[in-house]
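Chemist: for reference, the sequence and a predicted model appear below.
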Amino acid sequence: MERKFNSVLVTGGAGYCGSVLVPDLLKNGYKVVVYDIMYYGNEHLPLSNPNLTVVEGDIRDTANLAKHMQGIDAVVNMACISNDASFELDSDLSTTVNLDAFEPMVIAAKKAGVKRFVYASTSSVYGVSDKPDVTEDHPLVPLTLYNDYKGQCEPKLFAHTDENFVGVAYRPATVCGYGPRQRLDVSVNILTNYAVNKGKITVFGGDQLRPNLHIQDYSDVVQLLLMAPDEKIANDVFNVGYQNKKIMEIAQIVKEVVEREFPENGEIPIEVTSSDDNRSYHINSDKIARVLGFKPKHTIEEAIEGLCQAFRNDDLPESFDDDKYFNVRTMKAIGAK
């Protein structure tokens, strides 16, 4: 598919997924505006690229955001208080950022002449399901404010779309792998950090099913949603996941890969402890394959290998002690409000 648009504004573009997506967009010829509150800094972005504009801004400041939407063709909205554990924080933060700011942003984008709005929802909107395949029409069963608000925002977008303002939402699985702005508080990445740096893996629960998505596949799917014909995506929602695995199965894969990558560290034991995080669901991503021809290319093993390489290169120093790898810890440390 060919590029339809010239300019893209990415909210939350300085985050984990943005740290891979933004360089990819630039590489593919887009002019990119990153609009981000910069909880995690921006030094990992290609700041010297003349086609990149970085704006430190809060999406709750709709007037400021609207100013930066002038002349923009497409918006990718990834900004959010992003963690299912965000209930540990002041609930007002989640409510104002993840819910209250959303519809004013959509209205501002439409008013600014933006042609396409791509919304990052989440596959955790399904909560807990024992269905063998959870498709996009499965009821939403929110367990936390994070997935509750994500589900509420999808129809808020579609209430404002028309033939000149096309909206689409995607529900990505838990993202894994190495990114220049690294997170080490999501399942595959957590287990890999433990295996490499503590010599053991601690599994919380173990039977919960989690869908996973390599960070490069995440970037690729967003780019596809920017290029897809209007009629194939308008007012639609797509699951985006790859391998649905039990947490214990992921731990076994991590063990195998890390033992192979760091044979000098010896055998890595797996310890099991209880968990109060009972999210468990098996998402089906056939629809996006059928409609847009998208199939993920990168495995959990590749995500682990990429992280092992980063640890070996000392790209992730102080991987347990530095708050920057952990969303909730960072937001607590800086007193995010």
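Modeler: Received the coordinates, thanks. Numbering: from 1, shown residues only.

Chemist: so where do the helices sit in the protein?
Modeler: 18-27, 62-69, 91-94, 102-111, 145-158, 187-197, 215-227, 230-233, 247-261, 286-292, 300-312, 327-334 (DSSP state H).

Chemist: winner for burial among those?
Modeler: The highest mean neighbour count among those, using mean count of other CB atoms under 10 Å, belongs to helix 187-197: a mean of 24. Yep, even glycine has a C-beta here, placed from its N, CA and C like the rest.

Chemist: who does that helix touch, helix- and strand-wise?
Modeler: strand 174-176, strand 201-204, strand 209-214, helix 247-261, helix 300-312 (3 or more CB pairs under 8 Å, 6 or more residues apart in numbering; DSSP states H and E).

Chemist: centre of the chain to it, how far?
Modeler: When distances are taken as CA atoms, centre = their mean, to the nearest Å, helix 187-197 is centred 18 Å away from the chain's centroid.

Chemist: also stretch 152-168?
Modeler: 20 Å.

Chemist: how about it as CSV, C-alpha atoms only?
Modeler: The C-alpha coordinates for stretch 152-168 follow below in CSV (Å, rounded to 0.1, in the frame of the first residue of the first chain):
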residue,chain,number,x,y,z
GLN,A,152,-15.7,3.8,26.4
CYS,A,153,-13.6,5.9,24.0
GLU,A,154,-14.1,3.8,20.9
PRO,A,155,-17.8,4.8,20.4
LYS,A,156,-16.9,8.4,21.3
LEU,A,157,-14.6,8.5,18.3
PHE,A,158,-17.1,6.9,15.9
ALA,A,159,-19.8,9.4,17.0
HIS,A,160,-17.8,12.2,15.2
THR,A,161,-16.6,10.5,12.1
ASP,A,162,-17.8,11.1,8.5
GLU,A,163,-16.5,10.6,5.0
ASN,A,164,-13.9,13.3,5.5
PHE,A,165,-12.9,12.3,9.0
VAL,A,166,-12.3,8.6,9.2
GLY,A,167,-11.8,6.9,12.5
VAL,A,168,-10.5,3.4,13.3
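
Chemist: ok so, going back, nearest to Val203, of the helices of the chain?
Modeler: Of all those, helix 247-261 sits nearest to Val203, with 4.9 Å by CB to CB.

Chemist: quick one, that closest one and helix 300-312 angle?
Modeler: 50 degrees (axes from the mean of the first three to the mean of the last three CA atoms, to 10 degrees).
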